[in-house]
Structures are given as structure tokens and as C-alpha cells.
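*Asks:* Predicted structure and sequence below. I'll ask about it afterward.
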Amino acid sequence: MFADFPAFSGLILFVSVLTAVLVCLNARAIGAWLGVMANPDAFRKRHHAPTPQVGGIAILLALSTWLAGMLWSGAPLERPLLLALLACALGVGLIGFTDDQRETTPLSRMLSLVVFLGVAFAIEPGFITKILNWGSFAPTRISLFAYCLLMILTSVGLVNAVNMADGQNGVVGSMFAVWSGCLVLVSTGTSQAAALVLFLASLVFLAFNLRGKLFLGDCGTYGVTFVIGLLVALAHARGEISLETVIVWFFVPVADCLRLLITRPMRGRSPFEGDRDHIHHRLEDEMGKIKGFLTYAGAVASTSLLCTLEPKFALVSLALVTAFYFSYARLTDGRAGAEANAERIPEAANNVVALSSGENARRQDVR
């Protein structure tokens, strides 16, 4: 029955990637039709013209096409895993898409993430583990309640950290490619194949995003990040990856999120108010846009690949990425960014009113 399955699987993979290409090629028409165009504001959004936020749709549609194709094929795959990934890709992606169209409350989005985490656990219990696997230390036993609480905190935190990092072309797309590529190296079976689809679709998105043709949108920062987080949790539960390696992969966006949640109140501002004090902004201001992006992506890619290919170097990789991050982002040196923000606020407000008459005027980091 499945004699031709490899050929069918290859065809579905091709169709899935082609779907991402077609969405990217028609991004402007799709973005205008769906009402998800990002308008410039001369402050945080410095692009020159309204830009479609359909990159997340491209990646998630490619993944969903592959997942649906595998389920339809009836092949003896990990069907609960396929169903869980499909439900979360569509559900969490829809949460982000809704926020791209119109503002929703942070609380409702966070609660929705918790709900879909529960859905994933119910469909595929393999996401749950009783042991935290360390590469350099003895395994740590953990109760079901503690693990679920840990996953809630990490899932919500990671999604919002990546959402905050989505402020420069190529940054989040490159991280998606790195993380999914690393998952291809460490995973097996169905999860490896799903990671491969994410990797290829992320490369397609990155090719268009680096040229400013489209943005990821909250659909992508929420949906794609959530699915990657599930695949990482599964790989860890199966003993394919250590916690030290996971920490290295996600260190830069998570550390940047935590730093800003501390420094913004120190400056008398809301922790959820957007600014230009992210590490990618600092790198851009110091090195220029291209060199800054390459430095950011290179630091994440090199340390992630090092600890993925050679797990014994996970602590070394963690030390390297920590040194890189705090070379450019410290708690006490945000004065220049804060002053620049204060100077740009009046101009930004005027441009927002002129360009969009209020539509898409308010875009916070935590969406």
C-alpha cells in the first residue's frame, strides 16, 4: 500500500514549499485582501511603504499543507503528532493573524497559548516528560504539574520574546531557519520531516523578507514559534537534545525580552511599550543594517550549530552567546536609546496619523 509513499512524500514536500513561494510572490495582493498591511511610522517601522505581513501565513500554510497531506495519505506515521502540530499551527497562527488585523489584548493571547498547549498535550502525550535531560549534569525528575507550569511559562515567554525580536528584516526568519535546521539534525521520524518543512519554508520567507517584500506578522511570530517550541519539547522528551542546548538556541531573544522588561520600568515606561533599544537595533546603529543583521544571525547560528553538532560544547556555546549578548546589551547603558526615542516620539505620532489615520498606529512589542 505504501510502496510509493517516498515518492508521494516528496511530492507533498514540493507542493508545500511551492505554496510558501506562491504566497510570497503574491504577498501584496494577499496582504491587501486580508487587511494585514504594515504602515511605516518613521519611528520603529522605518520601511518606505505599506508592506504585507503574510510571511507567517506562507510558512504555516506550507507546514499545514504537508501535515494534512501526510494525514490524508494514511501512512503509518505518528498521527497524533501530526494532528497536534496541525491544530496548533492553524489555531495559534489564527490568534496572531487576528492581532495583525485588529488589536487584541495581551491577556487573551496568552490564555489562548495556554489552551493550545493543553490541546497539544491532550492529542500527543509524548510532549510531556518526567525527566529534564541535562548534557553536563545528572537528569532531574519533575512532576507533571511542575512540568506543565514550566511549559506554560516557557511557551508564552518564548512566543513573546520572538515577537519582540521581530523588528528588523531577516532577524526572526534567520532564527526560524537556524532552529528548524538544528531540529532536522537532532530529530527523527515525523518530527524531523516537519522540521524540514519549516526549514525550507523559512528559507523561502527569508529570501523575500531580506528584500523588504513582506514581513512575518504576528501570525508567524506566534504560530511558527509555538510549533518550533513543541518540536523542541518533543526532542527533549525523547532525549534527543539537552536543556543546555535549548537554552543556547533561544538565549538571545529571551535574554533581550527579559532585559527590556527590566529596563523600561527603570526609565519610567511601560514594559510593553515598543522602542528601539533591542539588541538588533543596537547592532544596526553601531554597524549598519547589513553588518548588524549578519552579526546577530551569525552569533545565533554559530553557537546553536556548535552545541547541536557537539553537545559536549553546550556550556562553551552558552558562555560565548552570553558574552556576545552582554557586549552590546547591558542594563545600564540604554540612555542613548531612550533619548533617541524621546526625540522621535512627536515625529512618529504625526506620521502615524498622516499615513494610516489610526489604523495599525499602535503596535506594541508584546502583541
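*Replies:* Looks like it came in fine. Numbering: from 1, shown residues only.

*Asks:* Could you find the closest non-adjacent residue to the residue positioned nearest the centre of the chain?
*Replies:* In the chain, the residue lying closest to the centroid (C-alpha atoms, centre = their mean) is T225, at 3.7 Å. Spatial nearest neighbour of T225, excluding adjacent residues (C-beta to C-beta, 6 or more residues apart in numbering): V162 at 4.5 Å. Yep, even glycine has a C-beta here, placed from its N, CA and C like the rest.

*Asks:* For the one you found, give its distance to N39.
*Replies:* 22 Å (C-beta to C-beta, to the nearest Å).

*Asks:* Compare neighbour counts for these two and give me the winner.
*Replies:* V162 (27 against 18; other C-beta atoms under 10 Å).

*Asks:* Run the chain-centre distance for stretch 137-146.
*Replies:* 26 Å (C-alpha atoms, centre = their mean, to the nearest Å).

*Asks:* again with stretch 253-268
*Replies:* 19 Å.

*Asks:* ok, now stretch 88-98?
*Replies:* For stretch 88-98 - counting by C-alpha atoms, centre = their mean - the centre lies 13 Å from the chain centre.

*Asks:* Counting neighbours, which bits of that stretch end up buried?
*Replies:* The neighbour-count check on stretch 88-98 (16 or more other C-beta atoms under 10 Å) flags C88, A89, L90, G91, V92, G93, I95, G96, F97, T98 as buried.

*Asks:* nearest to M287, of those?
*Replies:* G96 (30.2 Å; C-beta to C-beta).

*Asks:* Show me the helices in the protein, by range?
*Replies:* For the chain, helices defined by DSSP state H occupy the ranges 5-25, 27-34, 55-73, 79-101, 106-123, 144-165, 171-186, 189-209, 217-237, 243-266, 279-287, 289-309, 314-328, 335-356.

*Asks:* The longest one to helix 144-165, inter-axis angle?
*Replies:* With axes from the mean of the first three to the mean of the last three C-alpha atoms, to 10 degrees as the criterion, the two stretches helix 243-266 and helix 144-165 enclose an angle of 60 degrees.

*Asks:* And for the third one?
*Replies:* When the same axes, to 10 degrees is applied, the directions of helix 55-73 and helix 144-165 differ by 140 degrees.

*Asks:* for helix 55-73, the distance to its chain's centre please.
*Replies:* On C-alpha atoms, centre = their mean, the centre of helix 55-73 falls 17 Å from the chain's centre.

*Asks:* Show me what it is packed against.
*Replies:* helix 5-25, helix 27-34, helix 79-101, helix 189-209, helix 217-237 (3 or more C-beta pairs under 8 Å, 6 or more residues apart in numbering; DSSP states H and E).

*Asks:* Ranking those helices by mean neighbour count, which comes first?
*Replies:* helix 217-237 (a mean of 27; mean count of other C-beta atoms under 10 Å).
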